[in-house]
Structures are given as C-alpha cells and as structure tokens.
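[1] Sequence and predicted structure, then a few things I'm wondering about:
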Amino acid sequence: MNTNKLLVGALLGGVAYFLLGWVLYGMLFAETLASMMPGMAAVQRAQADMDMVAMIVGNLVFGLLLAYIFEKWAGVRSFMGGMVAGATVGFLVALGYDSIMHGVTTMCSWGGVILDSVIFAVMSGVAGGLIGWWLGYNRK
C-alpha cells in the first residue's frame, strides 16, 4: 500500500466533500431538505455557530474511507472507476445511516432519507473520482 498516495487521495477527497457539501447541502438543497426533514430544525446549528473543525475532520474522514477502500482492497486507479465505486459506497453509507435515523428519531421523512442518500452519492462519486484518478496517476 502506498501511504503517500493514500493520504493525498484522502485530502483530495476530503476537500471535494467539503466544497460539494457547502454547495449541495448549504445552497442548492437547503430549503428542500429542510421541508423533508422538519425535525432537523430543532437540532441544527445556525450558520454562524457551525463547528468548522468538526466539519473538516468529518469530510477528511470520508475522503480517507474511500481512499483506503480504493487503495487497500479495491485497486481503484481511474477517475471513472472511482466515481462509480465512490457513488455506490456513498449511497449505501447514507441510506443505511439515514434509514436508522428515520427509524429512531423524528428528524426526517423517507423522502429526506432518499434525497440525502442521492446527494451524498453524488458527492461521493465526485470525491471518489478524484481519489481514483490520483491513485492511478504516475503509478509505478
């Protein structure tokens, strides 16, 4: 396993997750998700109170998750391979987590579960594509 490739891939993926999360969750789908997840209003932080350190750590961990899977087990070495694998992993992670949250809380509806899973799949596809490209770039 190439540790340097893994860590740079994790960083690329983490940055992609962060930026796409800002655009998709923070701007494009904010109102739609709020209407599908009415219970979130009671627990969601205001924009000014967001814990940026926690958000950065979380996004880097998701980047590391994909990079580790691709580098250690899956042998993903291309943008397209990373995009497909990333979208698949992202969709399944979000669908599993969101389904459990729907089952044990009143924070979201099934529509919110599906929409969030699709949004996270798109983010994971782009992040996975970048990671896969990096892992294959100048590989010896």
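    Received, thanks. The shown structure was predicted, so the numbers you read here are calculated from the model rather than taken from an experiment.
[2] what helices or strands is the least confident helix or strand in the chain by mean pLDDT leaning on?
    Averaged element by element with mean pLDDT, DSSP states H and E, the chain has its least confident helix or strand at helix 30-36 (a mean of 93). The contact analysis (3 or more C-beta pairs under 8 Å, 6 or more residues apart in numbering; DSSP states H and E) places helix 30-36 against helix 110-136. C-betas here are computed from N, CA, C, even on glycine.
[3] Identify each buried residue in the helix it packs on, please.
    112-136 (16 or more other C-beta atoms under 10 Å).
[4] and it, what does it pack onto?
    Using 3+ C-beta pairs under 8 Å, 6+ apart: helix 110-136 touches helix 3-23, helix 30-36, helix 52-68, helix 79-104.
[5] now these in TSV, with distance to residue 44?
    Formatted as TSV, the helices and strands packed on helix 110-136 follow (distance: least, C-beta to C-beta, whole Å):
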stretch	distance to residue 44
helix 3-23	14
helix 30-36	9
helix 52-68	13
helix 79-104	13
